[in-house]
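1. Here is a sequence together with a model predicted from it:
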Amino acid sequence: MDKQLRIALAGNPNSGKTTLFNKLTGSNQFVGNWPGVTVEKKEGKLIVNKEVILTDLPGIYSLSPYTLEEVVARNYLIEEKPDAILNIVDATNLERNLYLTTQLTELGIPVVIALNMMDLVKKAGDSINVKELSRQLGCQIVEISALKGDGVKEAALAAIEAAKNGKTIPQHSFSGPVEHALAHIEEVTVHNLPEEQQRWYAIKIFERDEKVLEQLKVPADVRAHIENDIAAAEKELDDDAESIITNERYVYIGQMLKGIYKKKGKGQLSVSDKIDKIVTNRILALPIFALIMFLVYALSMGASITDGGISIGTFLTDWANDVLGGAWLTDGSRAILEGWNVAPWLVGLISDGIFAGVGAVLGFVPQMLVLFLMLCLLEDCGYMARIAFIMDRIFRKFGLSGKSFIPMLVGTGCGVPGVMATRTIENERDRRMTIMTTTFIPCGAKMPIIGLIAGALFGGSTWVATSAYFIGIAAIVISGIMLKKTKMFAGDPAPFVMELPAYHLPAWGNVLRGTWERGWSFIKRAGTVIVVSSIVIWFLTSFGSVNGQFGMVDDLYEDDSVVTDEYVAQVAERMGIPEDEVEPMDDSILARVAQPVSLVFKPLGFGDWKPTAATVTGLVAKEEVVANFGIMYAYDDQDGEEELEENGDQIWGRVAEDFNAFSGGHGRLAAYSFMIFNLLCAPCFAAIGAIKREMNSRKWTWFAIAYQCGFAWVTAFIVWQLGRLFAGGMNVIGLILALVMLGLICWQLFKPYKEAQKLTVQ
Amino acid sequence: MMPLVLTDPGEEAVIRKVGGSPEMKKHLEDLGFVAGSTVTVMNTIGGNLIVKIKESRVAISKEMAGKIMV
């Protein structure tokens, strides 16, 4: 049997690589990570030949060792040696794209060029002599249109053919002094390597590429020897070795294209430039951005179309909650199970536990999908890159780069893709800080918490939700400034350099695929984590030990021989509530476990077991916070006939009563403090998992979580303690501590920024 | 020679030299900012620039643009 062929797909960012990959592999894709790093690795089986594996390399401009993507791509090409490289080249930006091609042809792997967007070149009246270009580059060229699918099959077949018996020999050469040095290097260092790889290694050694020198273990005396040659070339050409190579590649390409690329129109503003004149205009940029953001949220999460709004997302979510989740899943399953005479506790578990829990999460899916669809659209049409550019000057003021804005934007939907979107940030420091602060923005799952607090204690006032976003943004800004002044994050954000792709109509295939990929991870979570946690929570609130007997607390409380007056007094003392308020659930496992933990939240104003339990289970999923309030406060609704609305309006009265009771009449303040803590503290497990993957370090993950929880605690503490100064019932010690914390934050915020004094020499 | 930030929008200029840290310099050069190529400032916003280099549009911050001499 033939060995399985492997082809690598390489090309510049924005060259249509993703579109081509999707066209070539269809649905036969597997997504993973490159070993050791968090760059996504996509592989797929070719449609034209299922035996051939196509690996999608990250979009790169060069094979230099500076960005993670470049390192990943070149390691794969050098170490795994695929049988061929399919190099996608954007014909509308030929020079820059061929710069990568000249490097790929040196690797000793057969290269086939898929020349994309030739239709656009022809439309502009320009012409490219493809035959001549192919001859000059020494590799086959197939004209394609990735978007329309033209020529895609031919490109795949050509790559397979090249993989079987092709050979690419680099045709370009460098100037005299460089070639002289290269010849020397080849002679003394790389002569024992496979012949076709020698050139690439020699050039890298000439560039003093640390990673290659390390890999080849070039002895010190040989290094010193070739250093003479490199230095001589540098002196003669008056530049450093790396720049010499880069420059000469571009010069070579420029000369080669002279006879090949005939341009008709020159210096005219393209449509894309005209759009940019307006969209990135000094005065109009921000208003346009605000308008687009408003539309995105109005369409996905705003008022439903049935309530006079324009949101399709909310309309579908309402339907999913009321009809699909409430009527079909919860009530439907109950009716069926009761019809089968299933034991009541099992009905409770399945209908109220699993289906209600999963239904609550699935209810978000329409809103999420609409939001992700909007964001994918913005990304695909090219506007997302402009957002990063527009926001850069604002974000730079508090130590983040404009690229940090995109993760936060995505994070308003769900923190998991938000954290994953930090991948585009090259600077490790900026990336870590963005990962740590992205989840401060209220995600879709935190919205019900806000809805519950606003409805139960603030009469549904809209400023609660508005303030939640402001708190999230303020938390990011304050954290950015504070962290920037610590040793770990000191240093300016990396200078902003980003290619702005030309605006184009969205490729629906890509948009829908991207939307689905993000939405699916959300749905998958509902099917796994939430099912399990719903069962666990249901069990923990239903069972417990009452006066030494273990069982379902409701049943045990019916038995007066177990629940004596004396015992009720004990429970009341333990929970710190009046005797007539003792409920069966106060003896549940959850209450017993949460009661001691609630001490942590006492200084924040919500040191009661119910909000404590809700907060802790919020780690599983933020939707659980409201779901748990539902279980805990609606408990005496024994029949469980009423399905809890998304914002829990049936329990508002009880929640308000309870918050007022345990906070000594400051229910609103306690509830607001509760909301702040839940908005800012560690995100759900799924997002923590994403943080861990992206940080790629246990230490940093824990630091991020500790920082988030600490920041949330301190903020809620300050709000609760200072708030009581005005609401009455202030605590002097608490107030002093709150003022001290506030002072420390201000000090960190306003102290002069110290740039690292010493430069570390490597 | 003057830094790119000082050129007028819409005016073509030829790059003479690229400075900055080795990483930044290399990244800029990879993107096509090499001595001898023409560059045009398309738009400015708060000191940051959108420039045309080769056939692509690249957004660069003020600090970066200060290191590209034309």
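-> Thanks, I have the structure now.

2. Tell me the residues of chain B that contact chain A?
-> Within reach of chain A by Cβ under 8 Å from any Cβ of the partner chain, chain B has these residues: B:12, B:18, B:20, B:22-32, B:34-37, B:42-48, B:50, B:52-61, B:63-64. (Glycine included, C-beta is placed from N, CA and C.)

3. List buried residues within those residues.
-> B:18, B:20, B:24-32, B:34-35, B:37, B:42-45, B:48, B:50, B:52-61, B:63-64 (16 or more other Cβ atoms under 10 Å in any protein chain shown).

4. Is residue A:15 part of a helix or strand, or is it coil?
-> State at residue A:15, reduced to three classes by DSSP: H, G, I helix; E, B strand; the rest coil: coil.

5. Need the residues that contact the top helix by length along chain B.
-> The single longest helix within chain B, with elements called by DSSP state H, is helix B:22-30. For helix B:22-30, contacts defined as Cβ atoms under 8 Å, 6 or more residues apart in numbering or on different chains pick out A:61-62, A:64, A:66-67, A:99, A:240, A:242-243, A:246-247, A:495, A:497, B:18-20, B:64, B:67-68.

6. In ChimeraX, select just the buried ones from those residues.
-> What follows is the ChimeraX syntax for the buried subset of those, where burial is set by 16+ other Cβ under 10 Å:
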select /A:61,62,64,67,99,240,242,243,246,247,495,497 /B:18,20,64,67,68
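
7. Quick check: strands, which of the contacts of helix B:22-30 are part of them?
-> When DSSP state E is applied, the contacts of helix B:22-30 are split such that A:497, B:18, B:68 fall in strands.

8. and which of those residues is nearest residue A:318?
-> Nearest to residue A:318 among those is residue A:497, at 44.3 Å by Cβ to Cβ.

9. where does the stretch 351-500 of chain A dip in pLDDT?
-> Along the stretch 351-500 of chain A, the parts satisfying pLDDT under 70 run over A:357, A:360-361.

10. What segments of it are strands?
-> Assigned by DSSP state E, counting those that start in this stretch, the strands in the stretch 351-500 of chain A fall at A:497-500.

11. State the distance from residue A:417 to residue A:118.
-> 34 Å (Cβ to Cβ, to the nearest Å).

12. ugh, wrong one, residue B:29
-> Separation of residue B:29 from residue A:118 (Cβ to Cβ) stands at 27 Å.

13. In helices only, show me the buried ones among the residues of chain B next to chain A.
-> Reading helices off these with DSSP H, I get B:24, B:25, B:26, B:27, B:28, B:29, B:30, B:63, B:64.

14. which pair in these spans the largest distance?
-> Spanning the widest gap among those are B:30 and B:63, at 18.4 Å by Cβ to Cβ.

15. Enumerate the residues of the stretch 251-400 of chain A near chain B.
-> A:251, A:267, A:272-273, A:276-277, A:280-282, A:285, A:385-386, A:388-390, A:392-393, A:396.

16. how about 7 Å then?
-> Within the stretch 251-400 of chain A, the residues that sit near chain B (Cβ under 7 Å from any Cβ of the partner chain) are A:273, A:276, A:277, A:280, A:282, A:285, A:389, A:390, A:392, A:393.

17. Including neighbour count and distance to residue A:656, could those go into JSON lines?
-> Listed next are these as JSON lines, based on neighbours: other Cβ atoms under 10 Å in any protein chain shown; distance: Cβ to Cβ, whole Å:
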{"residue": "A:273", "neighbour count": "17", "distance to residue A:656": "57"}
{"residue": "A:276", "neighbour count": "24", "distance to residue A:656": "52"}
{"residue": "A:277", "neighbour count": "15", "distance to residue A:656": "54"}
{"residue": "A:280", "neighbour count": "23", "distance to residue A:656": "48"}
{"residue": "A:282", "neighbour count": "10", "distance to residue A:656": "49"}
{"residue": "A:285", "neighbour count": "21", "distance to residue A:656": "44"}
{"residue": "A:389", "neighbour count": "27", "distance to residue A:656": "46"}
{"residue": "A:390", "neighbour count": "24", "distance to residue A:656": "43"}
{"residue": "A:392", "neighbour count": "25", "distance to residue A:656": "44"}
{"residue": "A:393", "neighbour count": "16", "distance to residue A:656": "44"}
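
18. low-confidence ranges in chain A?
-> Residues of chain A that meet the cut-off, pLDDT under 70, sit at A:1-2, A:32-39, A:265-268, A:325-326, A:357, A:360-361, A:525-527, A:530, A:634-650, A:753-762.

19. Which residue lies nearest the spatial centre of it?
-> Nearest residue to the geometric centre of chain A (Cα atoms, centre = their mean): residue A:420, 2.4 Å.

20. Check the gap between that one and chain B for me.
-> Going from residue A:420 to chain B by Cβ to the nearest Cβ, to the nearest Å gives 23 Å.

21. Next, work out how far apart that residue and residue A:161 are.
-> Distance, residue A:420 to residue A:161, using Cβ to Cβ: 37 Å.

22. just residue A:524 next, same as before
-> 39 Å.

23. need the residues of the stretch 101-250 of chain A near chain B, please.
-> Neighbours of chain B within the stretch 101-250 of chain A, by Cβ under 7 Å from any Cβ: A:242, A:243, A:246, A:247, A:250.
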